[in-house]
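1. Sharing a model prediction with you, sequence too.
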Amino acid sequence: MQRLRSLVDTRADDFRANAEHNRRLASELKERQKAARFKRPARDIERLTRQNKMFVRDRIEALIDPGTPFLELSTLAGNMAYDGEVPGAAQVVGLGIVSGREVIIHADDASVKGGAWYPLSVKKIVRSLDIAIENRLPVVHLCDSAGGFLPLQAEFFADRYYAGRIFRNQATLSKMGVPQVAVVMGHCTAGGAYIPALSDYNVIVRGTGAIFLGGPPLVKAATGEEVSAEELGGAEMHTSVSGTGDYPATSELHAIAIARDIVGRFTRQKKTAIDWIEPEEPAYNPEELYGIIPKDPRVQFDMREIIARMVDGSRFHEYQPRYGQSLICGFARICGYQVGIIANNGVLFSDSSLKGAHFIQLCDKNKTPLVFLQNITGFMVGREYERHGITKDGAKLIMAVAGASVPKFTVVCNGSYGAGTYGMSGRAFDPRFMFTWPQSQVSVMGAEQAAGVLTDIKVRQLARSGRTLSEQEMADIRDPILEDYRRQSSAYYATSEIWDDGILDPVDTRNALAMALSASLNAPIADPHYGVFRM
């Protein structure tokens, strides 16, 4: 496989300016992640200490195998919601290795509002279980939640993908034969009681763990009965009387040790075999990514330079290099795994759409996972392009993306706009994992274009009544639209709403994709099967 030849001048002024800008963005990302992970009011940490409880991240560190990585997902969920008071949406989820097995870990963060479930908490839990279903990964639940945040119950209780979906997904995993173990370290109240009850195994800590549909205050209000939490749903009662609990534990570390032993006894399923060889580091330094990504997201750059710093040996077998050149397609390896890469080098035309659709089918046929690297303004528009079938050819690409049976992985490297988001395997097309970079933007169109369109509509409405606007009045309409679009199209807004699985420092992307690729192979790959392609 041919090694890519980089044309980047690392001594150029624009490279240095880009590097300084993007290193600053990466540093800001790390600071935000650190705050979401560890910054808590002293009273909340003291409360955990009084209750003999471990901090959620200490629990996870004790759970996973020593020296192994933990790929945390959606670290900054909720960072632009709830006045910033619910870091991580009060949940920690991610991919880890427990007793030698890849698992999804879902943990309530009791240091945030007692682990209460907000709407985005529910969305994050549902997403973690979707990942488990898609990739057939066992799940370890670390349970310690005050229950649903009742003032917002209308936003997380009744609809299809609200809290009930958590339990539906648990039941689906059980039906599929994918095991789950719950470790009850605090109260599991109301709907939260079903997480351990629906798990194949559960462990409950004496003195702090409890499972009940209604806690003591609700029981008293409903029936007049006065009962303690331990009598109502503690470890002794559930492991010796009701049978709801399986294993009592004397401490959280004891409970985690039992859970690790249980996971170690899970049957090891044989992974799906795909083309793999010994890994090779990229020939070019991944740190150079900082200088390649432009400060201005509107500036175009060659995605081959990104690929060269992400794949094994910087080797890339490009498919149809002279046709449909605004879409790069080709084969490479990431940590030894062969992948098909589809990357944007401009707007999607009919030829690039057809090229992408055909390449996806080739990868699907020989069971090669797909990696989409997004930097896309959309499909080309205009009279001549419509006459030549851009909508029809774009539909072919979308049909191929939706129908592909191989695992798909998406990284938003810069811009992701309009239908281009769909054609490049956006969230709606079920990539197994989707990540973004700090400077990336996702929206139906760019902020300037949106502000221009909406301002023009307003001007036309006023013109019909005979009124014209001054430049200042135009700016008064345009500027708030620009501000809203820039805020809502930012990577931090997208990850706050869990439109992705987390923001990555660009230099960490290769390792994250390698972990995601490995996890995806726990599920079989079906034979190719597509819908109708409009010819």
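-> Cool, the structure landed.

2. count of neighbours near Ser174?
-> When neighbours are counted by other CB atoms under 10 Å, Ser174 registers 14. The way it works is simple: take the backbone N, C-alpha and C, and place the C-beta from them, glycine included.

3. Can you verify my assumption that it contacts Ala197?
-> No: proximity of Ser174 to Ala197 does not meet the contact threshold set by CB atoms under 8 Å, at 11.3 Å.

4. Tell me which residues touch Arg487, please.
-> Met80, Tyr493 (CB atoms under 8 Å, 6 or more residues apart in numbering).

5. name the element it belongs to?
-> Per DSSP states H and E: Arg487 is located in helix 471-488.

6. Same check on Ala419?
-> Secondary structure here is read from DSSP H and E; on that basis Ala419 sits in helix 418-423.

7. Can you name the residues in contact with that helix?
-> Residues lying outside helix 418-423 but in contact with it, judged by CB under 8 Å, 6+ apart, are 344, 347-348, 353, 356, 374, 376-379, 394, 397-398, 401, 428-429, 442, 444-445.

8. Just the CA trace of whatever helix or strand comes next after it, in CSV.
-> Where DSSP H and E defines the elements, the next helix or strand beyond helix 418-423 is strand 433-436. Below are the C-alpha coordinates for strand 433-436, written out as CSV (Å, rounded to 0.1, in the frame of the first residue of the first chain):
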residue,chain,number,x,y,z
PHE,A,433,-19.5,5.7,17.3
MET,A,434,-19.4,9.3,16.3
PHE,A,435,-16.8,11.9,17.5
THR,A,436,-16.2,15.6,16.8
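
9. buried stuff in strand 433-436?
-> Residues Phe433, Met434, Phe435, Thr436 are the ones in strand 433-436 that count as buried (16 or more other CB atoms under 10 Å).

10. just these now: which is nearest Ser6?
-> For those, the closest approach to Ser6 (CB to CB) belongs to Phe435, at 23.2 Å.

11. Surely the closest one touches Arg427?
-> No: counting by CB under 8 Å, no contact exists between Phe435 and Arg427, whose distance comes to 11.2 Å.

12. Please measure how far the first residue of stretch 368-382 sits from its last one.
-> With CA to CA, to the nearest Å as the measure, the first residue of stretch 368-382 is 35 Å from its last.

13. Tell me how far that stretch lies from the chain's centre.
-> Once both centres are worked out by CA atoms, centre = their mean, to the nearest Å, stretch 368-382 turns out to sit 19 Å from its chain's centre.

14. May I see the buried residues of it?
-> Buried residues in stretch 368-382, defined by neighbour count with 16+ other CB under 10 Å: 368-380.

15. cool, and stretch 69-78?
-> Within stretch 69-78, the residues that qualify as buried are Phe70, Leu71, Glu72, Leu73, Ser74, Thr75, Leu76, Ala77, Gly78, counting by 16+ other CB under 10 Å.

16. Throw these into CSV and include pLDDT, secondary structure and distance to Glu305, thanks.
-> Rendered in CSV, the data for the buried residues of stretch 69-78 read as follows (pLDDT from 0 to 100; DSSP: H, G, I helix; E, B strand; the rest coil; distance: CB to CB, whole Å):
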residue, pLDDT, secondary structure, distance to Glu305
Phe70, 98, coil, 30
Leu71, 98, strand, 25
Glu72, 98, strand, 28
Leu73, 98, strand, 28
Ser74, 98, coil, 29
Thr75, 98, coil, 27
Leu76, 98, coil, 27
Ala77, 98, coil, 31
Gly78, 97, coil, 34
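
17. And Cys363, how close does it get to Gly177?
-> Noted for Cys363: a distance of 28 Å to Gly177, by CB to CB, to the nearest Å.

18. More neighbours: which of these two?
-> A direct count of neighbours by other CB under 10 Å for Cys363 and Gly177 places Cys363 higher, at 26 against 10.

19. how about that one, secondary structure?
-> helix (DSSP: H, G, I helix; E, B strand; the rest coil).

20. Tell me who's in contact with the closest residue in space to it that isn't next to it in sequence.
-> With sequence-adjacent residues excluded and distances taken as CB to CB, 6 or more residues apart in numbering, Cys363 is closest to Gly340, at 3.7 Å. Gly340 makes contact with Cys329, Gly330, Phe331, Phe359, Ile360, Leu362, Cys363, Thr368, Pro369, Leu370, Val371, according to CB under 8 Å, 6+ apart.

21. Sort out for me which of those are in strands.
-> Those of those mapping onto strands are Cys329, Gly330, Phe331, Leu370, Val371, per DSSP state E.

22. want to try TSV for these, with pLDDT and distance to Asp456 as columns?
-> Supplementary listing: those in TSV, determined by pLDDT from 0 to 100; distance: CB to CB, whole Å:
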residue	pLDDT	distance to Asp456
Cys329	98	37
Gly330	98	41
Phe331	98	45
Leu370	98	39
Val371	98	38
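
23. Extract the C-alpha trace of the helix holding Ala419 and format it as PDB.
-> Coordinates of each C-alpha in helix 418-423 appear next as PDB, following Å, rounded to 0.1, in the frame of the first residue of the first chain:
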ATOM      1  CA  GLY A 418     -27.100  20.200   5.400                       C
ATOM      2  CA  ALA A 419     -27.700  17.000   3.600                       C
ATOM      3  CA  GLY A 420     -23.900  16.500   3.500                       C
ATOM      4  CA  THR A 421     -24.200  15.500   7.200                       C
ATOM      5  CA  TYR A 422     -26.500  12.700   6.100                       C
ATOM      6  CA  GLY A 423     -24.500  11.600   3.100                       C
END
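
24. Name the residues of the host helix or strand of Glu31 that are buried.
-> Taking DSSP H and E as the criterion, Glu31 maps to helix 13-38. For helix 13-38, the neighbour count (16+ other CB under 10 Å) marks Phe15, Asn18, Ala19, His21, Asn22, Leu25, Ala26, Leu29, Arg32, Gln33, Ala36, Arg37 as buried.

25. Between these, which sits nearest Gly164?
-> Distance to Gly164 across these (CB to CB) is lowest for Ala36, with 27.2 Å.

26. got a list of what the closest one touches?
-> Contacts for Ala36 were tallied using CB under 8 Å, 6+ apart; they are Thr75, Leu76, Asn79, Pro87, Gly88.

27. how about low-confidence regions in the stretch 1-150 of the chain?
-> Within the stretch 1-150 of the chain, no stretch falls below the threshold (pLDDT under 70).

28. ok, the contacts of Ala36 vs Gln269, which is closest?
-> Thr75 (28.6 Å).

29. The closest residue to the closest one other than its chain neighbours and Val263, how far apart?
-> Spatial nearest neighbour of Thr75, chain neighbours left out: Gln33 (5.1 Å); criterion: CB to CB, 6+ apart. Remark: distance between Gln33 and Val263 (CB to CB) = 27 Å.

30. and if you look at Gly191?
-> Separation of Gly191 from Val263 (CB to CB) stands at 25 Å.

31. model confidence over the one helix or strand Lys458 maps to, on average?
-> When elements are assigned from DSSP H and E, Lys458 belongs to helix 447-464. For helix 447-464, the per-residue pLDDT values average out at 76.
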